[in-house]
Structures are given as structure tokens and as C-alpha cells.
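[1] next one to model:
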Amino acid sequence: MLVFHPGDPAEIHFKLGSTSVAMQGKVAQFVRPLLEVHLTGEPVHDGAVHTGMNVLVVVSGGTGIYTAEASIQRYQPQTGQLVLAVNGSFRFQQRRQHERYRCKIPVRLRVVGDSEWVSATCRDISAGGARLYLSQEFVLRSNAVEIIFISPDSQQGVRAIAEVVRTSKLLEESGWELGIRFTEMDRMEKIRFARLLQHWASVEQHEPAKP
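    This next block holds a predicted model:
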């Protein structure tokens, strides 16, 4: 039984050449097999999105994440309306184990073994991983990265080693998004990181995070 509803967040993932692209939107209605999504970002033109195109749909609803393969039936850039024909059934996945908090933390990261650091912004964070935004493409020679979070209350850096599990280009922001999973953090860094999580958890007591 599906438990997502109109207004629930939806992501549409597809490939432009070898580049992974994600469009953000909200569920409008679902009358099997047709799913209507209203996109919330800038319209995609130049034939990048077209009828018959195969995509992956990810909907956050209820207690989990729903994913399904689909094909585009109609796209209206002017209104952001996107109608998809869902292939088969949605697959359900329980939400991540760790509570996730919205944030805006400046970070520095580099591929493990490299000398060059790049700047990014952490947009949500949990005990298990984080979502990072970069204004330009970050070339990955491997999926292992070193990252330093700058704590907003103490300006003290928190260092971790992480694995990149997802990369997406965000068309509406002309930037890139990385999903990372923490793999290594020493004892003192874990203490600092716990304080960092506590800070953003207290912030969200006043403004709950959206899924």
C-alpha cells in the first residue's frame, strides 16, 4: 500500500550523456499508472526532457522512500507539469537509520591522497552521512574523500573520511550535489561531530525538517 500523498517531495533522475541529473518537485496526483509531478526548479529546455524518455522517480512519503522506473508522457516547461507513466510497482525502502537535519555548513573536501581542496556547502547532515552542494563539478578519481566541516558555534573544524555514494547535477541551480557516507572518524572528531549534530538538532526544534 502506498502512503505518499499530494505535496510529498519527488525527485526525477535521468542521464544527460554520462551526467546524472536530478529535478526536484512535488507529487500532484497519482492515478495508476500515471503520476503527475509539479517541478519546483527552473524549467528544462533544449530537448533535454522529452516524451518517451526513461527516468527514475524517487518519492519521500510516510515512513520511507518509494522508487520506480517511469517514462515521460507529458512535460510542460512553462508550468513545470510533468506526467509520468510508472512501469510496474513502486519499491519501498525504510527511511535512513539516522535522523537527518537541514543545515548550512561550509565544508572543505578533497579526494583522499590529493593536495587540492575545494569548497562546498553541507545542506543536510546525520550521524551516518551528509548531502553536499558544490557550485562546480568535482572530479572524483576515487569515491573516498576527506572532508572538514566548520562548526557554526565554535568555528572549529570537524574532520572525517567518507565514501561518495551519489552524485547529481542540479539543473535549477547550475551546481552539483554529492551524497556521502561517513567511513572513518577518530574519537575526538566524533565528540566534535556530536556537538555539531546537537547544534542543528536544536535549530530544527523550532523549524522541523522536511523529508
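[2] got the domain boundaries for this protein?
    Annotated domains of the chain cover 9-94, 101-204 [automatic domain parsing].
[3] where does pLDDT dip in the chain?
    1, 18, 43-46, 63, 94-98, 152-155, 172, 203-211 (pLDDT under 70).
[4] still on that earlier bit, what would the domains of the chain look like in TSV with mean neighbour count and distance to residue 2?
    Glycine gets a C-beta too; all of them are placed from N, C-alpha and C. Below are the domains of the chain laid out as TSV (neighbours: other CB atoms under 10 Å; distance: least, CB to CB, whole Å):
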stretch	mean neighbour count	distance to residue 2
domain 9-94	16	6
domain 101-204	16	24
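[5] so which of those domains gets nearest residue 3?
    With CB to CB, the closest approach to residue 3 among the domains of the chain belongs to domain 9-94: 3.5 Å.
[6] so where do the strands sit in the protein?
    Here the chain has its strands, by DSSP state E, at 9-16, 19-31, 34-39, 54-61, 64-76, 81-94, 101-111, 118-125, 129-134, 144-150, 157-170, 175-184.
[7] using CSV, lay out those together with distance to residue 192.
    Listed next are those as CSV, based on distance: least, CB to CB, whole Å:
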stretch, distance to residue 192
strand 9-16, 31
strand 19-31, 31
strand 34-39, 39
strand 54-61, 30
strand 64-76, 30
strand 81-94, 29
strand 101-111, 13
strand 118-125, 13
strand 129-134, 15
strand 144-150, 9
strand 157-170, 5
strand 175-184, 13
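[8] how far away is the nearest residue to residue 58 once chain neighbours are set aside from residue 139?
    Nearest non-adjacent residue to residue 58, counting by CB to CB, 6 or more residues apart in numbering: residue 11, 4.4 Å away. The gap separating residue 11 from residue 139 is 24 Å, by CB to CB, to the nearest Å.
[9] got it, and residue 42?
    25 Å.
[10] and what of residue 41?
    Going from residue 41 to residue 139 by CB to CB gives 25 Å.
[11] in this structure residue 11 contacts residue 66, no?
    No: with contact defined as CB atoms under 8 Å, residue 11 does not count as touching residue 66 (11.0 Å).
[12] give the contact list for residue 87.
    Residue 87 is in contact with 33, 68-71, counting by CB atoms under 8 Å, 6 or more residues apart in numbering.
[13] now do residue 140
    Here residue 140 is in contact with 111, 164, 167 (CB under 8 Å, 6+ apart).
[14] ditto for residue 53
    Contacts of residue 53 by CB under 8 Å, 6+ apart are 14, 71-72.
[15] do residue 143 as well
    163-165.
[16] for residue 120, state which of the residues you listed is nearest.
    Distances from residue 120 to the contacts of residue 143, taken by CB to CB, are shortest for residue 164, at 11.8 Å.
[17] which phi and psi values does the residue nearest to that closest one when sequence neighbours are not counted adopt?
    Among residues not flanking residue 164 along the chain, residue 143 sits closest, at 4.5 Å (CB to CB, 6+ apart). Main-chain torsions, residue 143, degrees, to the nearest 10: phi -90, psi 0.
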